[in-house]
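Colleague: Predicted model follows, preceded by the sequence.
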Amino acid sequence: MYNEKVMDVFRNPKNVGEIENPDGIGTVGNEKCGDIMQISLRIKDDIITDAKFKTFGCAAAIATSSTATEMIKGMTVDDALKVTNRKVVETLGGLPAQKIHCSVLAEEAIKKAIEDYRSKKNA
Ligand code: FES
């Protein structure tokens, strides 16, 4: 059901884990399946220098989170906010329709982590 690229990223995911003392952290749950995703970010001068994820999720959640965290490294937080689940899915060459909801986790967790960073910065 998954294409080769998705399977390859799923088997060799990047950025698995958690950043110690992150500058921003976001955890979201998927309404449809109950799975959970956490993304932690290292941010310097509004640029994301590192990103890691942890998930209780399926192969699609792992593949999209790995890809999304790779994409946002080096981006400004404003640009990272524009990374949609659709772009991540396109980069992976597509996902089965019933798995699109899994890709939303990474996008939402990144947004939450950036919100967390901004609220800490302005505190
Ligand atoms: Fe839950 Fe994919 S089935 S994230």
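Modeller: On my side now, so go ahead.
Colleague: which one's the longest helix in this protein?
Modeller: Longest helix in the chain by number of residues, with DSSP state H as the criterion: helix 100-121.
Colleague: what about the strands in this protein?
Modeller: Taking DSSP state E as the criterion, the chain carries its strands at 24-29, 36-44, 47-56.
Colleague: Could you count how many residues lie near the nearest residue to D78 once chain neighbours are set aside?
Modeller: Of all residues not flanking D78 in the chain, D46 sits nearest, at 7.5 Å (Cβ to Cβ, 6 or more residues apart in numbering). Using the backbone N, CA and C atoms, a C-beta is placed for each residue, glycine as well. Neighbours of D46 under the rule other Cβ atoms under 10 Å: 15.
Colleague: same deal with G34?
Modeller: Counted with other Cβ under 10 Å, G34 comes out at 9.
Colleague: Could you do F10 as well?
Modeller: 18.
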